[in-house]
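>>> sharing a model prediction with you, sequence too.
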Amino acid sequence: MHFWAQSDSDPGLAVVLIWVAIMAGGILIYYLGRRGERKHLRTLAQELGGEFVSNFLKGGYLSLRKAEVELRVRLVPRTRYTPPYLVVEQMRPLDFRLRVEVKVPWYKRQTFFFDLLKKFTLGDPKFDEAHQVRTNDPTRAAYLLNDGRRREALANLFQHGFTTFLADKKTVQMKMPNYKDVDLSATKVREYLEKLQAITAL
């Protein structure tokens, strides 16, 4: 009675309280909805000897260190317009920007992006037909992609279901849409991270 009496005398306060309750409920539902992701990452942390770094809103990530380089594994939830993603990343960036994607018809694309990177073709008909490459440094992109071992590691990850390789000023990462539980086994994740490092090995 006291609450509603107060609300009648101060409708502005009632609106604020209702808004706060709705927001808090939404955040709680979002947090609880990501319990499965956190469970997977905690299990991987135990099996791979890494650390689960918790984040209330983003769900957290698995952090591993290998040869003084931090490696991370993240699980990005499904949204209205995008599928769930498995992301493996290396926190030591390249000194140029590069994006390599598996080509799909525009009507099958699950995400769209805009950037100022230039389209680039490697000169290998088979590779160029299957992939779309964008970069701010064609010379360095060609050097990386023409290396047999790097190209083999990249092709292996694409064959496993990854669709995007992205290097920017902060990270080097690969993204797999619609991942399955089998992709989250310790053996698979270890393999993915090793291949990612092979692509960017100095």
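Arrived safely, thanks for sending. Numbers count the residues shown, from 1 in each chain.
>>> wasn't Met174 part of a helix?
No: counting by DSSP: H, G, I helix; E, B strand; the rest coil, Met174 is not part of a helix but strand.
>>> residues contacting the closest residue to it other than its chain neighbours?
Nearest residue to Met174, sequence neighbours excluded (C-beta to C-beta, 6 or more residues apart in numbering): Phe162, at 4.6 Å. For glycine as for every other residue, the C-beta is placed from the backbone atoms N, C-alpha and C. Taking C-beta atoms under 8 Å, 6 or more residues apart in numbering, we find Phe162 in contact with Met174, Lys175, Met176, Tyr192.
>>> out of those, what pair is the most spread apart?
Lys175 and Tyr192 (11.1 Å; C-beta to C-beta).
>>> mark which of the contacts of Phe162 are buried, thanks.
Met174, Lys175, Met176, Tyr192 (16 or more other C-beta atoms under 10 Å).
>>> if we can go back for a sec, how about the contacts of Phe162 in a markdown table, adding pLDDT?
Conversion of those to a markdown table gives the following (pLDDT from 0 to 100):
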| residue | pLDDT |
| --- | --- |
| Met174 | 96 |
| Lys175 | 96 |
| Met176 | 96 |
| Tyr192 | 96 |
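>>> any chance of the residues you listed in JSON lines, plus distance to Arg92?
As requested, those are exported to JSON lines (distance: C-beta to C-beta, whole Å):
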{"residue": "Met174", "distance to Arg92": "15"}
{"residue": "Lys175", "distance to Arg92": "18"}
{"residue": "Met176", "distance to Arg92": "21"}
{"residue": "Tyr192", "distance to Arg92": "16"}
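>>> what's the strand ranked longest in the chain packed up against?
Ranked by number of residues, the top strand in the chain under DSSP state E is strand 69-76. Secondary-structure packing of strand 69-76 (3 or more C-beta pairs under 8 Å, 6 or more residues apart in numbering; DSSP states H and E): helix 35-48, strand 61-66, strand 85-90, helix 186-200.
>>> just checking, what packs against the first one?
When contacts are defined as 3+ C-beta pairs under 8 Å, 6+ apart, helix 35-48 sits against strand 51-53, strand 61-66, strand 69-76, helix 186-200.
>>> the shortest one pairs with which strands, and in what direction?
Using DSSP bridges, strand 51-53 pairs in its sheet with strand 61-66 (antiparallel).
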